Every structure is written in C-alpha cells, then in structure tokens.
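Visitor: Here is a sequence together with a model predicted from it:
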Amino acid sequence: MKNTISAILIIYNEEKRLKKCLDSICDVVDEIVVVHDGPCKDRSLEICKKYGAKIFIREHVGCSDPHIPFIIEQAKSKWILKIDADESISSNLRKNLKKIVNNNNINAFRFKWIAEIRGKRSTFMSKQILFLKEKIYSVGLPHFQIETYGKLEKSDFELLHDTYEFDSSFELLKSYFKKDKKWGKLSAKMFFNFNEIPVYNCDLKKTNIKQIKKIKLIKNFPMLALLIIPLYSFCYCFFKNKFYKQGWMGFVLSLHVPLHSFYTCYYLILYRFKIYKI
C-alpha cells in the first residue's frame with residue numbers, strides 16, 4: 001500500500017468550526033472519516049458530506065476519546081491523521097504532509113500546537129496527531145491520546161487551535177473546570193466498568209503499554225492516585241515542560257489534565273463506596 005492518509009475526526013455539533021478544519025486537510029488526505037457523538041442537531045454532517053467524508057453516528061458519550069478505537073478501525077489508509085474540529089493544519093504542514101509520511105524511519109509525528117487568546121500566541125505546546133496505523137494503539141479513556149509502539153519524532157510544523165470563544169485565560173480556566181468535571185465522571189464510570197473500556201491494538205490486562213501504570217494505579221488505588229497523579233501531572237507540565245515561562249496562560253494550561261485526573265479519582269472513590277450512583 002502506498003503512503004495514503006486517513007484523517008479522522010470525532011465531533012459533536014461543530015458546524016461553526018468544521019469548515020476551517022476540513023478546508024485545511026481535504027486536498028492532502030485520501031479519505032476523511034467522521035464519527036458524530038450521538039444524534040446531530042446542527043449542520044455538521046451536511047458540511048462533512050460536502051467533503052466526501054465517511055460518516056458514522058454513534059451513541060452519545062459526551063467525549064471524543066472513547067470513540068477513537070472504533071474510528072481507527074474504520075480508517076483504510078496506511079497513515080492516520082487525528083485532528084479535532086477546532087484545529088487546522090498550517091499551510092506549511094499542508095505542503096509537506098505527503099513528504100513527511102514518506103519517511104520510512106519514523107512511525108508517528110508530534111507537531112507544535114498553537115493557540116491564541118486575545119492576540120497572545122502560545123507556541124510552547126505540542127501534540128502527536130500523525131501515525132503509521134500498523135504501529136498505533138489506543139485506550140478509549142478521556143485524555144488518553146493515541147500512542148505508537150514505534151519511533152516518535154517532534155516537528156516544527158504547526159497545528160493551529162481555534163480558541164475564538166475564550167476572551168481570556170480566566171474564561172479558559174472556567175471551561176476546564178466544567179469540562180474536566182464532566183469527563184472525570186465519565187472516566188470514573190469507565191474505570192468502574194473496567195472490562196468495557198474500548199481499546200485498539202492493545203490489551204489492558206496483558207500489555208505493558210505506556211499508560212498502564214497510571215491506569216492500574218487509578219483502578220486499584222484511587223485514593224492514592226488522587227494524592228499522586230494530579231500533582232505529578234501539574235508539575236510535569238508546569239516545570240518539566242516549562243509551561244511556567246508562559247506566565248498565567250501556562251499555569252492555566254497546566255491544570256487541564258490534573259483537574260481531569262482529580263475528578264476521575266474523586267468520583268471513582270464515590271462509586272466504590274456507593275456514595276454516588278453511576
């Protein structure tokens with residue numbers, strides 16, 4: 001098979017942002033696969049059809065990540081480009097995408113993830129979105145990204161994130177509290193029903209994948225995980241990845257994953273002790 005590319009998108013009523021995303025990828029990928037998280041209530045699917053997308057409507061979950069193992073299965077190309085509706089690839093990345101996947105020594109790529117709020121452009125984050133399909137695996141838990149068994153390379157090409165709805169870092173922080181509480185409840189429910197967690201190309205009971213230590217800690221010792229994982233995640237972002245150099249913005253962005261981990265452990269504990277019903 002030649003180095004074909006499937007773009008995969010998991011969306012939920014995204015008509016305001018979809019066109020920009022799809023315009024950025026339509027001419028450089030070989031197929032577009034879309035999963036809609038539950039029934040569509042706007043023009044999202046109509047827009048996707050105009051780009052020739054292969055569309056699947058699945059049961060509403062309230063988060064994109066649990067759908068990832070399914071959508072990877074539907075993609076037919078040799079390479080997978082995982083992109084969100086509020087993202088677009090830069091013109092430079094567009095020009096070089098086909099050239100990038102012809103690199104036989106690399107199995108996945110991480111690109112600069114660019115966000116802009118009130119004219120302030122953050123350039124200190126990155127995100128892995130391009131993968132050789134035969135080398136990837138996925139655990140369908142919120143905040144668990146696609147990973148590779150192979151070699152990952154960081155690149156200076158840019159992935160652009162649309163943050164038009166946020167007037168300030170404070171608005172972004174408020175959205176994190178709301179979103180991470182919701183996703184934390186979902187994650188706790190999935191950990192509680194552990195055998196039903198969707199996966200692609202891995203087995204949570206047998207494998208030693210990258211995230212398995214975190215998964216086992218949360219599953220078996222949620223109280224201990226509540227004390228360890230949020231603090232570790234924050235310090236890893238804020239200090240190890242040097243988010244502190246971005247001031248208040250870096251602090252806010254460093255809280256996203258820790259907040260989700262906190263709520264996951266918190267609600268799992270409530271479920272275990274039957275204080276909170278699933």
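Guide: Received, thanks.

Visitor: isn't residue 187 right next to residue 266, touching?
Guide: No: with contact defined as C-beta atoms under 8 Å, residue 187 does not count as touching residue 266 (10.5 Å). The way it works is simple: take the backbone N, C-alpha and C, and place the C-beta from them, glycine included.

Visitor: who has more neighbours, the two?
Guide: Set residue 187 next to residue 266 and count neighbours by other C-beta atoms under 10 Å: residue 187 wins out with 27 against 19.

Visitor: How about the contacts made by the more buried one?
Guide: Applying C-beta atoms under 8 Å, 6 or more residues apart in numbering to residue 187 gives the contacts 141-143, 260, 263-264, 267-268.

Visitor: Now secondary structure and neighbour count too, for those residues, in TSV please.
Guide: Below are the contacts of residue 187 laid out as TSV (DSSP: H, G, I helix; E, B strand; the rest coil; neighbours: other C-beta atoms under 10 Å):
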residue	secondary structure	neighbour count
141	coil	25
142	coil	22
143	coil	18
260	helix	25
263	helix	24
264	helix	29
267	helix	23
268	helix	25
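
Visitor: Tell me who's in contact with residue 182.
Guide: Residue 182 neighbours (C-beta under 8 Å, 6+ apart): 62-63.

Visitor: ugh, wrong one, residue 112
Guide: Contacts of residue 112 by C-beta under 8 Å, 6+ apart are 123, 125-126, 155-159.

Visitor: hmm, try it at 6 Å
Guide: 126, 158 (C-beta atoms under 6 Å, 6 or more residues apart in numbering).

Visitor: Strands of the stretch 101-250 of the chain, residue ranges please.
Guide: Using DSSP state E, counting those that start in this stretch, the strands assigned to the stretch 101-250 of the chain run over residues 108-117, 120-132, 136-139, 147-148, 152-161, 199-200.

Visitor: list the buried ones in the fifth one?
Guide: The neighbour-count check on strand 152-161 (16 or more other C-beta atoms under 10 Å) flags 155, 157-161 as buried.

Visitor: so what does that strand touch, helix or strand wise?
Guide: strand 87-89, strand 108-117 (3 or more C-beta pairs under 6 Å, 6 or more residues apart in numbering; DSSP states H and E).

Visitor: What's the mean pLDDT across it?
Guide: Strand 152-161 comes out with an average pLDDT of 94.

Visitor: Same check on the last one?
Guide: If you average the pLDDT over strand 199-200, you get 97.

Visitor: Other residues contacting it?
Guide: 69, 72, 138-139.

Visitor: Distance to residue 21 added to the buried residues of strand 152-161, as TSV?
Guide: Formatted as TSV, the buried residues of strand 152-161 follow (distance: C-beta to C-beta, whole Å):
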residue	distance to residue 21
155	19
157	16
158	14
159	11
160	9
161	11
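
Visitor: which of these lies closest to residue 42?
Guide: Nearest to residue 42, judged by C-beta to C-beta, of the buried residues of strand 152-161 is residue 161 at 20.9 Å.

Visitor: ok, the closest one - contacts?
Guide: Taking C-beta under 6 Å, 6+ apart as the criterion, residue 161 is in contact with 87, 115.

Visitor: May I have the beta-bridge partners of it?
Guide: Beta-bridge pairing of residue 161 under DSSP bridges involves residue 87, residue 115.

Visitor: how far away is residue 46 from residue 22?
Guide: Here residue 46 is placed at a distance of 12 Å from residue 22 (C-beta to C-beta, to the nearest Å).

Visitor: Please disregard the earlier target; I meant residue 188.
Guide: 34 Å.

Visitor: Check what pLDDT residue 277 gets.
Guide: Model confidence at residue 277 (pLDDT) stands at 77.

Visitor: Please identify the helix or strand for it.
Guide: Using DSSP states H and E, residue 277 sits within no helix or strand.

Visitor: The closest residue to residue 214 other than its chain neighbours: neighbouring residues, count only.
Guide: Setting aside the residues directly before and after it, residue 214 is nearest to residue 229 in space (C-beta to C-beta, 6 or more residues apart in numbering), at 6.6 Å. When neighbours are defined as other C-beta under 10 Å, residue 229 has 21 of them.

Visitor: Could you check how far residue 229 is from residue 92?
Guide: Per C-beta to C-beta, residue 229 is found 36 Å from residue 92.
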